[in-house]
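[1] Build me a model:
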Amino acid sequence: MIVNKYLNGEYQERAIVGAYGDGMEKSAKIVADRANLSKDDRAQLRLLGECINYNSYGASEEDLLFHPSPLYKLLKRRYSPFNFISNEIGVYNKLLDGYYSDINKAKTILPEVENNNISVVSLPDEPWSRRVIGVYANLLMYNNKNRAHVLMTLNKNKSYLVGVRAPYNSRKKADLLCSMFGGSGRRGAAGINNLLELDKNNFIKEFYSAPTN
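    Residues are numbered from 1 along each chain as shown. From the prediction side, this is the model:
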């Protein structure tokens, strides 16, 4: 959004993709409204943004569907995100297939802790879990905008990769919670790269007693 403002909206479609991908729905809508994009165009840019964001999560490059460098070069080659979607069909379809497959796997996992205010989901130690942790956290946030959400999955060293989303309707304190355990992020979305196994229960206790709302 900062770069888009600096460039006076010259590449605003790319900005919309980035904002949607990073869970910044309100910011994406503002720019999309200014661009007079149709509902269909917005849906395409949202899905592309979510797929690019999805491909950025993993404990190593082996977890990813595409190495970020060649994917970036393909995106850069196409002036418009719509050109990428229509001309890089093989790459885009692989991203889409992986995205939907991993999301569907995540949906089968029942929350470890759940009430009206919070949800904690522990995903298995699998590459798909590490790929989907960010985008699935965003999806849960959109589906229940008054609830704070935590997703976690085991790293290879038996620590936890953690994603935290504050309630969409308040968007605060996620960074404070994660900073207590060596993590960082924004008020609405934050994470921890290596939550020690012995700290898991303490983390859930802190989240439960003072959720990010």
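[2] Longest helix in this structure, by number of residues?
    Secondary structure assigned by DSSP state H gives helix 89-107 as the longest helix of the chain.
[3] what helices or strands is the next helix-or-strand element following it leaning on?
    Next along the chain after helix 89-107, taking DSSP states H and E as the criterion, comes strand 113-114. On a contact count with 3 or more C-beta pairs under 8 Å, 6 or more residues apart in numbering; DSSP states H and E, strand 113-114 meets strand 118-123. Yep, even glycine has a C-beta here, placed from its N, CA and C like the rest.
[4] so how far is the longest helix of the chain from its chain's centroid?
    14 Å (C-alpha atoms, centre = their mean, to the nearest Å).
[5] Average pLDDT for it, rounded please.
    For helix 89-107, mean pLDDT rounds to 95.
[6] List the buried residues in whichever strand or helix holds residue 72.
    If you go by DSSP H and E, residue 72 is part of helix 68-77. Within helix 68-77, the residues that count as buried by 16 or more other C-beta atoms under 10 Å are 71, 75.
[7] before we move on, the earlier item: angle of the longest helix of the chain against strand 118-123?
    Angle between the axes of helix 89-107 and strand 118-123 is 120 degrees (criterion: axes from the mean of the first three to the mean of the last three C-alpha atoms, to 10 degrees).
[8] Give me the contacts around helix 89-107.
    Outside helix 89-107, the residues that touch it by C-beta atoms under 8 Å, 6 or more residues apart in numbering are 47-48, 50-52, 54-55, 65-66, 71, 74, 84-85, 121, 123, 128-129, 131-132, 135-136, 139.
[9] Helices - which of these land there?
    47-48, 50-52, 54, 71, 74, 84-85, 128-129, 131-132, 135-136, 139.
[10] Leaving out chain neighbours, which residue sits closest to residue 74?
    Among residues not flanking residue 74 along the chain, residue 88 sits closest, at 5.5 Å (C-beta to C-beta, 6 or more residues apart in numbering).
[11] Phi and psi next, for the one you found.
    Torsion angles at residue 88 (phi, psi; degrees, to the nearest 10) stand at phi -110, psi 60.
[12] Map the structural domains onto the sequence of this protein.
    2-104, 109-209 (automatic domain parsing).
[13] Please identify the most buried of the ones you listed.
    Mean neighbour count, computed with mean count of other C-beta atoms under 10 Å, is highest for domain 109-209 among the domains of the chain, reaching a mean of 18.
[14] residue ranges with poor pLDDT in this protein?
    Within the chain, the segments meeting pLDDT under 70 span 210-213.
[15] does the residue of the chain most remote from its centre sit in a helix, a strand or a coil?
    Here the chain reaches farthest from its C-alpha mean at residue 8, the gap being 26.5 Å by C-alpha atoms, centre = their mean. Secondary structure for residue 8, judged by DSSP: H, G, I helix; E, B strand; the rest coil, is coil.
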